[in-house]
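Novice: Give me the fold of what follows.
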Amino acid sequence: MSYIYPAPGVTGVEMTLTLTAEDGGDDLLTAGSGGANDPMVVPAIQDISMSAANDVFSWTQLDESAKLQIATTATNSLSGNLVLEEDSFFGLSTADGVEFIGIFGLSDTKRLTSFSLYLGDNSDGTVGKTITGDGYFTGLVPVVSADSPVWVSPFTLTVTGSYTVT
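Specialist: Reported below is the predicted structural model:
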């Protein structure tokens with residue numbers, strides 16, 4: 001048996017969430033060197049949850065003593081909390097006028113986003129699973145308090161379609 005563990009702080013084996021905006025152009029996620037549509041590894045994630053919840057249709061019949069049910073389409077989403085890092089959250093503009101939109105920009109412009117969630121290496125040292133899909137950022141609620149003197153925000157990545165596991 002090989003358990004999946006995120007190994008916080010261990011480079012190369014930790015859980016990572018990578019984003020790529022679906023439509024190209026100059027609205028990039030990060031100031032990378034590869035040109036338009038560079039992927040962004042989301043920094044400072046505190047926790048993450050993956051939901052794969054099938055909806056269920058229920059009905060009653062006069063000849064049955066219990067409800068009958070059948071699974072229908074799933075509602076999939078990733079959710080979690082992150083510490084806000086200014087450039088990745090709000091984006092930035094470079095000296096040559098190129099704008100990088102960041103996570104807030106993905107939500108604000110309702111941009112379809114491809115994601116890749118690497119769960120982390122396995123306890124036996126082998127490479128773990130990666131879950132990919134497409135979705136929309138919602139549920140951003142940045143908050144700061146005296147007990148948490150850095151800005152944090154929950155997020156939801158509402159998935160359109162199914163997950164792919166590799």
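
Novice: max-length helix in this protein?
Specialist: What stands out as the longest helix in the chain, according to DSSP state H, is helix 102-108.

Novice: neighbouring contacts of it?
Specialist: Here helix 102-108 makes contact (Cβ atoms under 8 Å, 6 or more residues apart in numbering) with 19, 21, 27, 29, 42, 87-92, 111, 113, 136-138, 140, 155. The way it works is simple: take the backbone N, C-alpha and C, and place the C-beta from them, glycine included.

Novice: Among the residues you listed, name the ones in helices.
Specialist: Judged by DSSP H, the contacts of helix 102-108 include D87, S88, F89, F90 as members of helices.

Novice: out of the residues you listed, which are buried?
Specialist: By neighbour count, with 16 or more other Cβ atoms under 10 Å, these hold S88, F89 as buried.

Novice: what about S153, which SS state?
Specialist: At S153 the chain is in strand, as set by DSSP: H, G, I helix; E, B strand; the rest coil.

Novice: Now do the contacts for it.
Specialist: Contact analysis of S153 by Cβ under 8 Å, 6+ apart lists N81, L82, L84, F89, L140, V141, P142, V143.

Novice: Could you report the neighbour count for the third one?
Specialist: Residue neighbour count, defined by other Cβ atoms under 10 Å, stands at 20 for L84.

Novice: Apart from its neighbours in sequence, what residue is nearest it?
Specialist: W151 (4.1 Å; Cβ to Cβ, 6 or more residues apart in numbering).

Novice: my guess is that neighbour contacts V83, does it?
Specialist: Yes. Between W151 and V83 there is a contact at 7.2 Å, judged by Cβ atoms under 8 Å.

Novice: Any chance of the ones in helices among the contacts of helix 102-108 in TSV with pLDDT and distance to I4 as columns?
Specialist: Output for the ones in helices among the contacts of helix 102-108, formatted as TSV (pLDDT from 0 to 100; distance: Cβ to Cβ, whole Å):
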residue	pLDDT	distance to I4
D87	84	30
S88	86	25
F89	89	28
F90	87	32
